[in-house]
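Undergrad: Take a look and give me a structure for this.
(one chain, ligands or ions: 1)
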Amino acid sequence: MSWTTHEIANQVPDLPDCNLFATDPALQEAVRRDACWHEAELCDSGAELGSRALRELAAQANHHPPQLHTHDRVGRRIDTVDFHPAWHQLLALQRKRNLQALPWAEPRAGVHAARTAGYYLQTQLESGSLCPITMTHAAIPLLRQEPALFAGLADKLFSREHDGRDLPIAQKRSIMIGMGMTEKQGGSDVRGNTTRAEALGDEGCGQPYLLTGHKWFFSVPSCDAHLVLAQTVGGLSCFFVPRWRPDGERNAIRIQRLKDKLGNRSNASGEVEFQDAWGVMVGDEGRGVATIIEMANRTRLDCVIGSAGLMRHALVQAIHHARHRSAFGRPLAEQPLMQNVLADLALESEAAMLLMMRLARAADQLQQQDSALERAWQRIVTPAAKFWVCKRAIEFCGECMEVWGGNGYVEEAPMARLLREAPVNSIWEGSGNVMCLDVLRAIAREPEGLILLLQDLDRIAAAHAGLRTLLDSLRDSLRLPPQQLESQARRIAQQLVLAAQGCLMLQHAPTAHAEAFIASRSHADGGRVYGTLNETTGGTLAAHDGRLHAQILQRAWPV
Ligand SMILES: Cc1cc2nc3c(=O)[nH]c(=O)nc-3n(C[C@H](O)[C@H](O)[C@H](O)COP(=O)(O)OP(=O)(O)OC[C@H]3O[C@@H](n4cnc5c(N)ncnc54)[C@H](O)[C@@H]3O)c2cc1C
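TA: This next block holds a predicted model:
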């Protein structure tokens with residue numbers, strides 16, 4: 001029996017196959033500035049990652065979360081996590097592009113920018129599977145400081161092949177590294193960690209220890225090894241703790257359970273306990289926090305890239321929807337208020353992308369030679385960007401979901417996953433407040449770095465009134481008495497990022513777009529809710545007929 005109650009009309013087709021790189025002019029310009037040698041590879045990757053088939057794979061990896069198996073059939077502990085085949089395919093894609101090792105395996109000018117752009121494309125497909133890639137990428141420079149250990153790992157870290165088998169490192173073609181810092185009693189303040197490590201023989205860097213204790217969050221527990229913080233007589237130290245011991249036995253790491261998470265569902269985050277787990281000390285005894293913090297600048301940049309990529313994906317889905325859905329007789333994308341919302345989102349997305357590429361440039365410059373200014377961008381602006389961009393992404397994804405109306409709220413569509421995915425970047429690797437306090441710490445440690453940074457922004461802002469307003473407010477906040485600075489740390493981080501983003505937009509975006517961004521972000525009545533661009537403050541090209549908004553949307557998604 002066939003039912004013909006109605007014809008289906010005005011529903012939006014799925015986003016077609018598209019090249020994520022070729023359809024992103026702002027990203028292409030950024031890559032040409034810093035890593036033009038990588039353009040062909042990014043174009044290839046963009047075509048692959050923009051396919052409908054891979055979008056389906058990403059959905060599958062999230063619909064079928066990993067499963068923990070603590071025991072085998074006959075009752076032996078195995079503490080194994082089974083991931084859906086889609087997860088492994090996603091990891092294979094990332095390794096093919098060397099996102100876990102590119103800057104260390106092929107150091108050359110612009111390599112951090114190249115990897116950042118590649119990661120940005122990948123995160124537009126799926127986020128959870130990038131967690132072990134980020135941790136591995138951040139761990140490599142640390143592991144390299146232990147040549148004896150690194151010699152047995154280098155090929156497997158640099159390998160472009162994914163090997164998801166649960167085997168001792170010696171038997172694997174490639175490996176992944178995780179991180180274990182957070183314990184039940186505190187994650188931001190790891191100085192209170194209680195996990196202990198006892199030396200098997202000689203003490204110190206490169207020596208074997210046995211660890212006893214726990215970790216409350218331990219993402220990708222199936223990683224081939226984790227860098228773990230534990231107390232020794234000399235203080236909190238960092239250890240390389242493999243899944244399998246050198247004698248071929250499973251290491252004494254019990255996965256108690258997996259977290260039931262809001263998002264990031266393709267990925268497993270475990271709670272683990274160590275009972276005389278074997279590990280090797282990495283870095284100096286008692287310098288565990290300093291050792292791990294060195295990794296943090298890299299993981300935090302990945303949080304910024306991950307959030308910028310999420311925003312880009314949500315934006316593209318929103319614009320696509322608005323171009324195909326009509327209400328009140330016209331496509332949504334032609335309605336003035338919707339144009340304002342979408343244009344505002346597009347400016348936010350471009351500003352986030354420009355900031356992430358600027359931070360990648362700092363990493364590139366520092367890889368070539370030391371520079372106090374680039375250190376200031378890296379050390380002061382990275383935590384501020386991690387705070388601001390990751391937070392903006394939460395609101396951003398919610399707004400893009402709303403562009404889809406009720407369909408956005410339904411799990412069959414991609415928007416719900418994007419919104420659920422957004423908050424984690426704001427929490428892990430240092431939550432918002434901790435990032436803002438880190439900005440103040442970095443300024444206090446390197447006051448001359450702040451001076452150079454402000455001079456750099458002043459130079460770009462030159463006589464621009466809107467940018468001067470942003471920079472003046474930042475300077476006013478920085479002049480607060482020391483006892484007030486801490487409570488104002490969020491305000492300072494926000495002002496710093498907005499000033500930096502305004503400068504980058506002025507340098508690299510079309511002038512009218514930059515003007516609209518700066519005007520809305522420097523005025524008290526703009527920039528809080530998306531869709532409050534004031535065309536009369538949109539600069540010389542501003543027009544009351546919506547032309548500016550249309551131009552912004554055309555640049556954002558010229559499809
Ligand atoms: C999905 C997921 C996966 C994770 N994976 C890992 C992992 O693999 N390895 C790992 O080590 N950790 C992991 N984490 C843990 C994460 O890094 C911590 O949750 C995070 O660092 C915060 O620590 P906490 O949860 O103990 O919160 P707390 O430290 O208790 O902080 C709670 C809140 O207080 C704020 N706060 C803290 N100190 C101050 C202060 N001085 N002033 C003002 N505010 C302050 C924080 O910003 C935060 O908002 C993961 C977390 C999640 C959600």
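
Undergrad: And the pLDDT for residue 291?
TA: As predicted, residue 291 sits at a pLDDT of 87.

Undergrad: scratch that, residue 522 is what I was asking about
TA: Per the predicted model, pLDDT is 87 at residue 522.

Undergrad: next one: the one 4 residues further on
TA: Per-residue confidence for residue 526 comes out at a pLDDT of 59.

Undergrad: Residue 326: neighbour count?
TA: 15 (other Cβ atoms under 10 Å). C-beta coordinates here come from the backbone N, C-alpha and C atoms, glycine included.

Undergrad: Would you quantify the distance from it to residue 80?
TA: 51 Å (Cβ to Cβ, to the nearest Å).

Undergrad: same deal with residue 284?
TA: 34 Å.

Undergrad: so where does the closest residue to residue 504 other than its chain neighbours fall, helix or strand?
TA: Closest residue to residue 504 apart from its sequence neighbours, by Cβ to Cβ, 6 or more residues apart in numbering: residue 354 at 4.0 Å. Per DSSP states H and E: residue 354 is located in helix 336-368.

Undergrad: got the buried residues for the following helix or strand past that helix?
TA: Scanning forward in sequence from helix 336-368 by DSSP H and E, the next helix or strand is helix 372-376. The neighbour-count check on helix 372-376 (16 or more other Cβ atoms under 10 Å) flags 373-376 as buried.

Undergrad: that older thread, what packs against the helix holding residue 354?
TA: helix 25-34, helix 111-123, helix 288-324, helix 372-376, helix 382-403, helix 489-508, helix 511-522, helix 547-556 (3 or more Cβ pairs under 8 Å, 6 or more residues apart in numbering; DSSP states H and E).

Undergrad: Now do the phi/psi pair for residue 256.
TA: Main-chain dihedrals, residue 256, degrees, to the nearest 10: phi -70, psi -50.

Undergrad: Provide the count of other residues in contact range of it.
TA: 15.

Undergrad: ok, now the one 5 residues further on?
TA: Counted with other Cβ under 10 Å, the burial measure for residue 261 works out to 14 neighbours.

Undergrad: Let me know the distance separating the residue lying closest to residue 200 once chain neighbours are set aside from the ligand.
TA: Excluding the flanking residues, the one nearest residue 200 by Cβ to Cβ, 6+ apart is residue 208, at 4.6 Å. Distance of residue 208 to the ligand, computed by Cβ to the nearest ligand atom, to the nearest Å: 22 Å.

Undergrad: So in terms of bridging, what pairs with residue 208?
TA: residue 280 (DSSP bridges).

Undergrad: what sits against it?
TA: 199-201, 278-280 (Cβ atoms under 8 Å, 6 or more residues apart in numbering).

Undergrad: Model confidence for it, exactly?
TA: Confidence score, pLDDT, at residue 208: 97.

Undergrad: Please report how far it lies from residue 240.
TA: 10 Å.

Undergrad: hang on, the earlier thing: my read: the residue nearest to residue 504 touches residue 508, true?
TA: Yes - if you go by Cβ atoms under 8 Å, residue 354 and residue 508 touch, sitting 5.8 Å apart.

Undergrad: any shared contact partners between these two?
TA: 26, 30.

Undergrad: Tell me which of those two has more neighbours.
TA: Legend: neighbour count by other Cβ under 10 Å for residue 354 and residue 508, higher for residue 354 (23 against 19).
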